[in-house]
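J.: generate a structure from the sequence data that follows.
(chains A and B)
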Protein chains: 2
Amino acid sequence: MKNSLRIAYLGPPGTFSQEAAIRQFGDECELLDCRGIDAVFAAVESGEAAHGVVPIENSTEGAVNNTQDCLIDSPVQIIGEQVVPIEHHLLARDGAASADIAFIASHPQSLAQCRKWLLAHMPDVPLRECASNGQAAKVAAEDASAAAIAGNMARRIYHLRALAESIQDQLRNRTRFAVLGQQQAAPSGRDKTSILVYAENRPGALFRVLEPFEKLQISLSRLESRPSRDEKWEYIFFMDFEGHRLESKIEELFRRLGDCTDAVKVLGSYPVDA
Amino acid sequence: MKNSLRIAYLGPPGTFSQEAAIRQFGDECELLDCRGIDAVFAAVESGEAAHGVVPIENSTEGAVNNTQDCLIDSPVQIIGEQVVPIEHHLLARDGAASADIAFIASHPQSLAQCRKWLLAHMPDVPLRECASNGQAAKVAAEDASAAAIAGNMARRIYHLRALAESIQDQLRNRTRFAVLGQQQAAPSGRDKTSILVYAENRPGALFRVLEPFEKLQISLSRLESRPSRDEKWEYIFFMDFEGHRLESKIEELFRRLGDCTDAVKVLGSYPVDA
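T.: Modelled structure (predicted):
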């Protein structure tokens, strides 16, 4: 029984991907720590994991284009999404005070994201760059003179206390995660659909792709173009829009897209995370 | 004189951002290593650096959305672009052989990107995660039993030898870098223009934005939507297209965009990097 709820996520432990996995599946699921986005896809494809969780938009953890490349090639479906606020805290062992801290450890990107707070509050404390925020939290758990900059998941895993909360310079930073599976998700009443569209690179190609959305009054929530790796196609568009693939209006959309594009790949229909 | 050619880039030394800076400005420029994308913008805004170089698309070095956020807020212009192939090599001190290598150091993302090669060629060698590829190259320079996975810039700076070249799983990975400055770039004859468009979030908004491009037969090379951080606007589109802002067709485009958008911000016109 437990086996069927094994969830692969982009590790190491303490990442926001792990937090997204627990938001989606709860505390009781068995988590499989993967060291690359393609390894998460591979675990879901092979059945080693029932589901996978990877960053898909606005990520600080890994290049989102890796996720896009995997979505182009993989048969797995997007069956859900989780939008996670990216909050960094200054974490230390229980009992440690700010005055005890001899150095602050974190991933270089997280140190950069908290630069203004560090300059204002701890300008003289040396910084130590780590390979991940999870590794930094481990350092703080083992050394009372260390503080780590990391998120809620790392705080929880390493039983750390926050000396200061939400210290990142940008207060409304969020990352969107995709939940992967082998089966399609059933309509929930409030769904979105993600697709890939292949179209020629010539003026007006995207305009024609958008015409059916305009005519059918379907709202796009995301659109991103990527140059194709394949010589044959010139352009790939990643599009998210309101509605489930089983709704008649969306079925009509796909019929019309068939006339004005080279190919469409449906990545999945799934409930919107508000 | 040297002062006017100081170039800020996203460090640490050995990054692909540094490689992009040298491709653009040559070996003789004075480089300023910045530890965050916003620090690069700040150096150009203050005049501390004449120009800046930051990843803008498909980056493994930093979240590109940081660059987008800075472009939204900053008065600096994009005055050029550099498209750099992302190649990882297995690097070691001169004289070291593969059989001498006791561990391989690199940033977790780079280790993940070379996973297939590592499994095929060095499956039993332990991996050590570092905060950056530059740091890993420094480890290899100091320890003959270490190899680093890093790019050409790190190889050059730390005088390392390649035990194996171009070992990343994806062979055609490239990152696009933006070159920043305070002055606009003059027309070169083969230019592109980057703009931000603010539009309402309702069905058809993007369709109407694209209509002038279709009518004027202007080719888009990139389009990306982002939810706005500002409540007032619902959507921001990042768009790149062929042409320079001083061409009459592009001036006409801006007149028409004024009628169908809430606001347009020109980020810059600059020569295309083929």
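J.: anything in the lowest-mean-pLDDT helix or strand in chain A near chain B?
T.: None of the helices or strands of chain A scores lower by mean pLDDT, DSSP states H and E than strand A:220-227, at a mean of 82. Yes. Contact between strand A:220-227 and chain B is present through A:220, A:222-225 (criterion: Cβ under 8 Å from any Cβ of the partner chain). Where you see a C-beta, it was placed from the backbone N, CA and C, and this is true even at glycine.
J.: contact partners of that strand?
T.: Applying Cβ atoms under 8 Å, 6 or more residues apart in numbering or on different chains, the contact partners of strand A:220-227 are A:57, A:65, A:68, A:192, A:206, A:210, A:213, A:234-242, B:203, B:206, B:220, B:222-225, B:237.
J.: cool, stretch A:68-76 as well?
T.: With contacts defined as Cβ under 8 Å, 6+ apart, stretch A:68-76 is touched by A:37-38, A:41, A:44-45, A:52, A:54, A:56, A:78, A:180-182, A:196, A:226, A:229, A:236, A:238, A:265, A:267, B:170.
J.: so of the residues you listed, which ones are in strands?
T.: A:52, A:54, A:56, A:78, A:180-181, A:196, A:226, A:236, A:238, A:265, A:267 (DSSP state E).
J.: ok, these vs residue A:132, which is closest?
T.: When the ones in strands among the contacts of stretch A:68-76 are compared for distance to residue A:132 (Cβ to Cβ), residue A:54 comes out closest, at 15.8 Å.
J.: chain B versus that closest one, what's the distance?
T.: Using Cβ to the nearest Cβ, to the nearest Å, residue A:54 is found at 12 Å from chain B.
J.: what's the pLDDT at that residue?
T.: We have a pLDDT of 94 for residue A:54.
J.: hang on, it packs against residue A:176?
T.: No. Between residue A:54 and residue A:176 there is no contact under Cβ atoms under 8 Å: 10.3 Å.
J.: more neighbours: which of those two?
T.: Set side by side, residue A:54 and residue A:176 show more neighbours around residue A:54, with 31 against 19, by other Cβ atoms under 10 Å in any protein chain shown.
J.: quick one: the strands in chain A?
T.: Counting by DSSP E, chain A has these strands, from start to end: A:6-10, A:30-34, A:51-57, A:77-85, A:89-92, A:103-106, A:127-129, A:146-150, A:161-164, A:174-181, A:191-199, A:220-227, A:235-242, A:263-271.
J.: hey, which of those strands is tucked in deepest?
T.: strand A:146-150 (a mean of 30; mean count of other Cβ atoms under 10 Å in any protein chain shown).
J.: could you list every helix and strand that that strand packs against?
T.: strand A:89-92, strand A:103-106, helix A:108-113, helix A:133-142 (3 or more Cβ pairs under 8 Å, 6 or more residues apart in numbering or on different chains; DSSP states H and E).
J.: contacts for the first one?
T.: Contact partners of strand A:89-92, identified using Cβ under 8 Å, 6+ apart, comprise A:100-101, A:104, A:137, A:140, A:144, A:146-152, A:154-155, A:158, A:160-167.
J.: the third one too?
T.: Outside of helix A:108-113, the residues within contact range by Cβ under 8 Å, 6+ apart are A:60, A:88, A:104, A:118, A:127, A:129, A:133, A:136, A:149-150, A:168-170, A:173, B:12, B:35-39, B:62-63, B:66, B:131-132.
J.: give me the mean pLDDT for that helix.
T.: 86.
J.: which residues of the stretch 1-150 of chain A lie near chain B?
T.: Counting by Cβ under 8 Å from any Cβ, the residues of the stretch 1-150 of chain A near chain B are A:12, A:35-39, A:58-60, A:62-63, A:65, A:69, A:107-109, A:111-113, A:115, A:129-132, A:135.
J.: for residue A:54, see how far away residue A:42 is.
T.: Per Cβ to Cβ, to the nearest Å, residue A:42 is found 12 Å from residue A:54.
J.: can you get me a residue count around residue A:41?
T.: Other residues lying near residue A:41 total 24 when counted by other Cβ under 10 Å.
J.: and the closest residue to residue A:188 other than its chain neighbours, how far from chain B?
T.: The shortest distance from residue A:188 to any non-neighbouring residue, by Cβ to Cβ, 6 or more residues apart in numbering or on different chains, is to residue A:271 (4.1 Å). Residue A:271 is 18 Å from chain B, where distance means Cβ to the nearest Cβ.
J.: distance from the chain centre to stretch A:256-270, please.
T.: Distance of stretch A:256-270 from its chain centroid, counting by Cα atoms, centre = their mean, to the nearest Å, is 23 Å.
J.: scratch that, stretch A:87-105 is what I was asking about
T.: 27 Å.
J.: before we move on, what about stretch A:9-17?
T.: When distances are taken as Cα atoms, centre = their mean, stretch A:9-17 is centred 10 Å away from the chain's centroid.
J.: if we can go back for a sec, residue A:186 is in contact with the residue nearest to residue A:188, correct?
T.: No. Here residue A:271 does not reach residue A:186: they are 9.5 Å apart, not a contact under Cβ under 8 Å.
J.: any regions of the stretch 1-150 of chain A where pLDDT drops low?
T.: Scanning the stretch 1-150 of chain A for pLDDT under 70 picks out A:1-4, A:59-63.
J.: only the buried subset of the contacts of helix A:108-113, as a PyMOL command please.
T.: If you want just the buried ones from these in PyMOL, going by 16 or more other Cβ atoms under 10 Å in any protein chain shown, the selection is:
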select buried, (chain A and resi 60+88+104+118+127+129+133+136+149+150+168+169+173) or (chain B and resi 12+35+36+37+38+39+62+63+66+131+132)
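J.: before we move on, the earlier item: and the strands of chain A: which comes nearest residue B:248?
T.: Of all the strands of chain A, strand A:220-227 sits nearest to residue B:248, with 26.2 Å by Cβ to Cβ.
J.: quick check: bridge partners of the residue nearest the centre of chain A?
T.: For chain A, residue A:55 is the residue whose C-alpha lies nearest the centre (Cα atoms, centre = their mean; 1.8 Å). Residue A:55 has these beta-bridge partners by DSSP bridges: residue A:177.
J.: please export the C-alpha coordinates of stretch A:266-274 as CSV.
T.: The C-alpha trace of stretch A:266-274 is given here as CSV (Å, rounded to 0.1, in the frame of the first residue of the first chain):
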residue,chain,number,x,y,z
VAL,A,266,-1.5,17.8,-24.4
LEU,A,267,0.6,17.8,-21.2
GLY,A,268,-2.4,17.4,-18.9
SER,A,269,-5.6,18.9,-17.4
TYR,A,270,-5.6,19.4,-13.6
PRO,A,271,-7.1,21.4,-10.8
VAL,A,272,-6.0,25.0,-10.4
ASP,A,273,-4.0,25.8,-7.2
ALA,A,274,-5.5,29.1,-6.2
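J.: show me how far it is from its chain's centre.
T.: Averaging C-alpha positions (Cα atoms, centre = their mean) puts stretch A:266-274 14 Å from its chain's average.
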